[in-house]
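Asker: Sequence unavailable; structure follows:
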């Protein structure tokens with residue numbers, strides 16, 4: 001179970017609890033097209049929540065409680081999301097226990113709360129909205145509350161029997177065999193990739209999601225960081241060498257602010273945009289203190305014209321990646337690189353087949369990306385032409401209004417004098433102001449929204465891929481599966497599954513199971529006769545949910561057909577060993593280096609069983625060697641004839 005606190009940077013406005021409760025309850029516009037919660041509940045609120053009208057009373061009560069708090073300077077809303085692993089489905093008592101435990105852990109058992117449980121994603125999850133205000137005061141959130149809640153999640157996993165997720169706290173068996181919740185060391189968290197050092201910011205994660213490619217912050221921690229490490233290892237390295245090395249990637253390193261305590265940032269340009277990342281995102285070794293300890297006080301680059309020109313840039317990398325020409329980047333350089341070594345894929349036929357498949361896929365994605373670029377450019381030209389036409393139309397409308405108002409002014413005072421003329425001018429001024437306001441607001445709305453129904457909104461690469469995939473484009477579907485796999489790679493390595501180089505077409509294979517094809521999600525869910533999900537084929541990966549011997553064998557046979565008989569195995573240690581031994585029986589090559597000894601042990605057991613079976617077969621057939629016959633019957637001589645009939 002993973003608990004995450006949702007940041008709430010906005011002030012407590014007039015709507016207050018209406019927005020978060022409406023969001024998790026899927027009420028009003030926020031619930032349009034979204035799946036309703038499976039279960040909802042409240043704590044310390046004596047109200048019904050069965051209908052949207054009932055829930056309106058709930059958030060109004062919470063708003064009034066918060067508004068009565070004296071000196072309400074901070075937002076009293078505390079929003080937590082608690083998610084279970086894929087395949088784990090808690091019941092109502094377990095969910096309520098999680099709510100009460102979380103409130104008690106935060107010291108807010110007496111606070112008003114509203115919660116909703118959802119199953120509209122791969123992971124069942126719980127939204128918990130807490131009102132920190134009570135009796136005119138707003139409770140302070142505990143220091144490092146995320147650590148407290150993470151420890152509570154481990155305790156709940158033990159209590160409710162769930163698999164243990166990775167967090168600051170972990171579960172270990174004590175000497176007495178009892179499970180204990182202990183805090184992991186920094187080294188252990190680093191080995192599991194749980195440290196936030198070098199992790200991309202939220203903005204970078206959003207950029208990665210929308211562009212379907214690694215962000216600048218992730219890219220700068222790969223090849224540029226490796227080159228900088230090599231530079232720092234040279235004798236006599238100085239700040240000029242650092243500037244020159246980074247300049248080869250179109251990156252500059254500079255102080256964020258003036259002063260010796262300012263951190264260092266890395267900047268680069270992408271068109272008209274300036275991209276930035278903290279230097280420490282390349283690694284802890286790249287912080288200002290660490291670099292100054294090695295190179296002396298920070299020195300900014302002098303004449304930038306003397307720096308070498310860029311031979312590689314983030315923009316070039318981004319273009320190649322989106323065209324499908326950098327598909328192995330994460331596995332080679334990225335933060336999601338696995339800790340264990342893979343055996344070398346030495347099968348010549350497999351290598352040829354893999355390279356042909358990769359080349360065809362790269363060519364298809366390059367053509368797809370060019371189509372995307374041409375559509376984007378055509379859309380920009382159409383939008384530019386429409387904007388120019390709109391500007392001319394707006395100018396003509398303003399000129400027409402000026403002429404109309406001029407005629408209206410003359411007509412309103414014609415033949416009038418004195419007080420009557422002044423009164424008529426006042427009425428004219430009011431009417432003229434009203435017409436100008438109407439025209440200005442309408443034109444402003446058109447400029448903002450480009451209200452032209454003939455134009456398509458410019459789509460980002462991922463959004464465009466989703467549209468093409470929905471239309472049935474196989475290349476877009478393949479690219480979308482790859483993006484979704486890369487997004488999930490960090491979190492799925494601890495889940496039971498089988499991975500490999502996708503060589504076969506993405507379509508149902510096993511006829512003995514029911515195949516549910518999710519076109520939108522680009523996955524195939526295989527179910528048994530009772531409708532239970534056994535495993536899910538997502539393209540480069542097969543997630544295994546149930547793994548009896550028959551079900552695991554079916555998943556391995558599917559993987560062998562899709563991935564050319566060569567697979568990687570992820571998940572718990574017990575699952576990986578079991579799957580590796582069964583793969584050895586099926587003749588499937590396991591590429592995980594750390595499982596090589598298990599595969600070899602199982603192959604030796606298979607060889608011994610076959611040898612024993614051969615001997616038993618010979619004995620049952622009455623076939624013995626000459627030496628055996630001589631030793632068993634001393635009267636039989638080597639020259640005697642033996643009738644085998």
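Answerer: That came through, no problem. These figures come from a predicted structure and were not determined experimentally.
Asker: Each with direction, which strands does the helix or strand residue 182 falls within pair with?
Answerer: Per DSSP states H and E: residue 182 is located in strand 179-183. Paired strands of strand 179-183, with direction, are strand 169-173 (antiparallel) (DSSP bridges).
Asker: what residues does the partner strand touch?
Answerer: Residues from elsewhere that reach strand 169-173 (CB atoms under 8 Å, 6 or more residues apart in numbering): 147, 150-151, 153-154, 157-158, 164, 179-184, 188. For every residue, glycine as well, the C-beta is placed using N, CA and C.
Asker: Show me which positions of that strand end up buried.
Answerer: Within strand 169-173, the residues that count as buried by 16 or more other CB atoms under 10 Å are 169-170.
Asker: Quick one, which of the contacts of strand 169-173 are buried?
Answerer: Neighbour counting with 16+ other CB under 10 Å marks 150-151, 153-154, 157, 164, 181, 184 as buried within the contacts of strand 169-173.
Asker: Name the pair among the residues you listed with the greatest separation in space.
Answerer: Farthest-apart pair in the buried ones among the contacts of strand 169-173 is 157 and 184; separation 14.9 Å (CB to CB).
Asker: Quick check: closest non-adjacent residue to residue 130.
Answerer: residue 78 (4.1 Å; CB to CB, 6 or more residues apart in numbering).
Asker: returning to that earlier point: list just the nearest of the buried ones among the contacts of strand 169-173 to residue 606.
Answerer: Nearest to residue 606 among the buried ones among the contacts of strand 169-173, with distances taken as CB to CB, is residue 164, at 33.4 Å.
Asker: Sheet-wise, list the partners of the host helix or strand of the residue nearest to residue 130 with their directions.
Answerer: Using DSSP H and E, residue 78 maps to strand 77-83. Strand 77-83 pairs in its sheet with strand 2-6 (antiparallel), strand 125-131 (antiparallel), by DSSP bridges.
Asker: Quick check: next helix or strand after that strand?
Answerer: helix 92-105.
Asker: just the angle between that next one and strand 2-6, please?
Answerer: In terms of direction (axes from the mean of the first three to the mean of the last three CA atoms, to 10 degrees), helix 92-105 departs from strand 2-6 by 60 degrees.
Asker: what helix or strand does residue 257 sit in?
Answerer: With elements taken from DSSP H and E, nothing contains residue 257; it lies in neither a helix nor a strand.
Asker: Same check on the one 3 residues further on?
Answerer: Per DSSP H and E, residue 260 falls between elements, in no helix or strand.
Asker: swap in residue 581?
Answerer: helix 573-586.
Asker: That helix packs against which elements?
Answerer: The contact analysis (3 or more CB pairs under 8 Å, 6 or more residues apart in numbering; DSSP states H and E) places helix 573-586 against helix 549-562, strand 566-570, strand 589-590, helix 596-620.
Asker: now what about it, what contacts it?
Answerer: Residues from elsewhere that reach helix 573-586, judged by CB under 8 Å, 6+ apart: 496, 498, 544, 547, 549, 552-553, 556-557, 560, 567, 569-571, 589-590, 592, 595, 598-599, 602-603, 606.
Asker: Just the buried subset of these, please.
Answerer: Applying 16+ other CB under 10 Å to the contacts of helix 573-586, the neighbour count classes 496, 498, 544, 547, 552-553, 556, 560, 567, 569-571, 589-590, 592, 595, 598-599, 602 as buried.
Asker: Quick check: the gap between residue 125 and residue 200.
Answerer: According to CB to CB, to the nearest Å, residue 125 stands 22 Å off from residue 200.
Asker: try residue 138
Answerer: Plainly put, residue 138 is 33 Å away from residue 200 if you go by CB to CB.
Asker: what's the distance between the closest residue to residue 310 other than its chain neighbours and residue 86?
Answerer: What sits nearest to residue 310 in space, not counting adjacent residues and going by CB to CB, 6+ apart, is residue 250, at 3.8 Å. Look at residue 250 and residue 86: by CB to CB, they are 40 Å apart.
Asker: And the helix holding residue 581, what's buried?
Answerer: 575-584.
Asker: relative to strand 566-570, how tilted is it?
Answerer: 160 degrees.
Asker: angle of helix 573-586 against helix 596-620?
Answerer: 40 degrees.
Asker: pLDDT on helix 573-586, on average?
Answerer: What helix 573-586 shows for mean pLDDT is 87.
Asker: Could you do stretch 94-114 as well?
Answerer: Across stretch 94-114, the per-residue pLDDT values average to 94.
Asker: buried sites along it?
Answerer: Result for stretch 94-114 [16+ other CB under 10 Å]: buried residues 94-96, 98-99, 101-103, 105-106, 108, 111-114.
Asker: who does the helix or strand encompassing residue 361 touch, helix- and strand-wise?
Answerer: Element membership for residue 361, per DSSP H and E: helix 348-413. Packing contacts for helix 348-413, counted by 3+ CB pairs under 8 Å, 6+ apart, involve helix 418-449, helix 461-470, helix 474-492.
Asker: and with 6 Å instead?
Answerer: helix 418-449, helix 474-492 (3 or more CB pairs under 6 Å, 6 or more residues apart in numbering; DSSP states H and E).
Asker: Can you tell me how far residue 518 is from residue 532?
Answerer: 16 Å.
Asker: meant to ask about residue 178, not that
Answerer: Distance from residue 178 to residue 532, by CB to CB: 33 Å.
Asker: more neighbours, those two?
Answerer: Neighbours were counted for residue 178 and for residue 532 using other CB atoms under 10 Å; residue 532 has more, 12 against 9.
Asker: Below-threshold pLDDT in the stretch 351-500 of the chain: ranges please.
Answerer: 351-355, 358, 449-459, 484-495 (pLDDT under 70).
Asker: Next: the stretch 151-300 of the chain.
Answerer: Within the stretch 151-300 of the chain, the segments meeting pLDDT under 70 span 186-199, 209-210.
Asker: all strands for it, in order.
Answerer: 169-173, 179-183, 252-255, 264-270, 273-278 (DSSP state E, counting those that start in this stretch).
Asker: Name the strands paired with the shortest one and say parallel or antiparallel.
Answerer: If you go by DSSP bridges, strand 252-255 pairs up with strand 264-270 (antiparallel).
Asker: buried stuff in the strand it pairs with?
Answerer: For strand 264-270, a neighbour-count test (16+ other CB under 10 Å) marks 264-268 as buried.
Asker: Any idea how far it is from the middle of the chain?
Answerer: Computed by CA atoms, centre = their mean, to the nearest Å, the chain-centroid distance of strand 264-270 equals 24 Å.
Asker: tell me the angle of it relative to strand 273-278?
Answerer: Using the same axes, to 10 degrees: strand 264-270 against strand 273-278 is 160 degrees.
Asker: returning to that earlier point: quick one: the strands of the stretch 151-300 of the chain as TSV, columns for distance to residue 217 too.
Answerer: Conversion of the strands of the stretch 151-300 of the chain to TSV gives the following (distance: least, CB to CB, whole Å):
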stretch	distance to residue 217
strand 169-173	27
strand 179-183	28
strand 252-255	14
strand 264-270	9
strand 273-278	4
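Asker: ok, how many other residues are close to the residue nearest to residue 130?
Answerer: 22.
Asker: circling back to that earlier point, lowest average pLDDT across the strands paired with strand 77-83?
Answerer: Across the strands paired with strand 77-83, strand 2-6 has the smallest mean pLDDT, namely a mean of 90.
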